[in-house]
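Participant: Kindly return the folded structure for what I paste below:
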Amino acid sequence: MAVAESATAIQRNQVDLLDFIDCSGVECHNQSSGHLLADALKQGYREDEGLNLESDADEQLLIYIPFTQVVKLHSIVVKGSKEEGPKTVKLFTNREHMGFSNVNDFTPSDAAVLSLDNLKGKPIVVKYVKFQNVRSLTIFIEDNQSGSEITKVQKIASYGSM
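Facilitator: Just a heads-up that it's a prediction; the model follows:
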């Protein structure tokens, strides 16, 4: 793998962390009752372009993902449409019980403004040094590409190692 490629691709020693997610503890605030987090997170569902996680009352989503063991997070994929896909994404490590009322009280471990390439599946490489001992990941989707009331997320995947 060329040096230029390694910054934008999933590296060989990184694995999909889906098998290390504690599914019983996963939470999503402001999800539409007909378009749940499982549609974007679970294997098989997240590959189906007809299934999406959708916001409900406004464009924001707050997603809590606990892991069954401590992981080292390298990158995440947040896939969506160019109109209603996420725009500003903030990542927090090891923060339990966050809500919309206090999410801005904490400094994110990393943040990104998603490009069209990211929305098509290009991984967001995180500040690796801040993601070495991750027990849980909170993803705050602050807004979407068009400023509309509904945000749609087709896929959320996390990559890293143990």
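Participant: tell me the SS of Tyr159?
Facilitator: Here Tyr159 is recorded as strand under DSSP: H, G, I helix; E, B strand; the rest coil.
Participant: meant to ask about Gly121
Facilitator: Look at Gly121: counting by three-state DSSP, its state is coil.
Participant: Tell me where the longest strand sits in the protein.
Facilitator: The residue-count maximum for a strand in the chain (DSSP state E) belongs to strand 61-79.
Participant: so who does Lys79 touch?
Facilitator: Contact analysis of Lys79 by CB atoms under 8 Å, 6 or more residues apart in numbering lists 40, 46, 85, 118-121, 153-156. All C-beta atoms are positioned from the backbone trio N, CA, C, and that covers glycine.
Participant: list the buried ones in the longest strand of the chain?
Facilitator: Across strand 61-79, burial judged by 16 or more other CB atoms under 10 Å covers 61-67, 71, 73-79.
Participant: In CSV, list the C-alpha atoms belonging to stretch 84-101.
Facilitator: Once non-C-alpha atoms are left out, stretch 84-101 reads as follows in CSV (Å, rounded to 0.1, in the frame of the first residue of the first chain):
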residue,chain,number,x,y,z
GLU,A,84,-29.6,14.4,3.6
GLY,A,85,-26.3,12.7,4.6
PRO,A,86,-24.5,13.8,7.7
LYS,A,87,-22.2,16.9,7.5
THR,A,88,-20.6,17.7,10.9
VAL,A,89,-19.7,14.6,12.9
LYS,A,90,-18.2,14.8,16.4
LEU,A,91,-16.7,11.8,18.1
PHE,A,92,-16.4,11.3,21.8
THR,A,93,-14.6,8.4,23.5
ASN,A,94,-15.6,6.8,26.8
ARG,A,95,-18.5,9.2,27.5
GLU,A,96,-21.6,7.6,28.9
HIS,A,97,-25.0,9.2,29.3
MET,A,98,-24.5,12.1,26.9
GLY,A,99,-27.6,13.8,25.7
PHE,A,100,-28.5,16.7,23.5
SER,A,101,-28.6,18.9,26.6
